[in-house]
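In: Please work out how this folds:
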Amino acid sequence: MREPQQDRSRATRQRLLEAAVESLAEVGYAATTVAVVAARAGVSRGAAQHHFPTRADLFAAAVEYMTEVRLAEIRAQAGRLPSGPGRTEAIVGMLAEVYTGPLFRAALHLWVAASTEDGLREQIVRLEAHVGRQAHRALLDVLDVSERTPGVRETVQGVLDMARGLGLAGLLSDDSARRRGIVRQWSRILDRELLSGPVGG
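Out: You can find the predicted model right below:
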């Protein structure tokens, strides 16, 4: 009996996290209460609080969940990218898309709330540091470059920062046309700075 119960518990937790991300992306932090998330997930408030005793606990777990989904997206899409010429631009374009979707919008609402809520900020800062390290590693892997090569770490981090900035720029209006030009230029920079010389294993 224990395994079906554990399966149900995992399924409930998954529904709550998905509902939290959807609500954050659609209506923002202030309107995303535990009760609202529970209703979206189709579970009782008591069941939600069993998994996440506080609102901060729920949102911290949502950040971690968003990270896993975001990184899984990057790795899955990377497997379908072209090889040879055009690959770098496809990678940068894919990264820009990740940072302009609903997961990024949900994360942004949390960052804004965390800037004024001490308890939430502590959890979000810790988790975002983990997110940053994982995203950095994923991009190194996809680009097939080594951080031991001088300048690689800073250049790859610059690409992640650029993608986040594009996500912000496209938050209020369609910025896709301008974004394409920026993606193309950053791809040229990457090819020149990272991929033209020898890279350690």
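
In: what about the helices in the chain?
Out: 2-27, 34-41, 45-51, 55-78, 87-98, 102-114, 118-143, 152-169, 176-193 (DSSP state H).

In: got these as JSON lines, with mean pLDDT columns?
Out: As requested, those are exported to JSON lines (pLDDT from 0 to 100):
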{"stretch": "helix 2-27", "mean pLDDT": "87"}
{"stretch": "helix 34-41", "mean pLDDT": "95"}
{"stretch": "helix 45-51", "mean pLDDT": "92"}
{"stretch": "helix 55-78", "mean pLDDT": "80"}
{"stretch": "helix 87-98", "mean pLDDT": "86"}
{"stretch": "helix 102-114", "mean pLDDT": "84"}
{"stretch": "helix 118-143", "mean pLDDT": "83"}
{"stretch": "helix 152-169", "mean pLDDT": "88"}
{"stretch": "helix 176-193", "mean pLDDT": "88"}
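
In: Mean neighbour count for those - can I get that in CSV?
Out: (Glycine included, C-beta is placed from N, CA and C.) What follows is the helices of the chain, written out as CSV (neighbours: other CB atoms under 10 Å):
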stretch, mean neighbour count
helix 2-27, 16
helix 34-41, 19
helix 45-51, 16
helix 55-78, 18
helix 87-98, 21
helix 102-114, 20
helix 118-143, 16
helix 152-169, 17
helix 176-193, 15
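
In: Distance check, Arg178 against Thr155.
Out: 22 Å (CB to CB, to the nearest Å).
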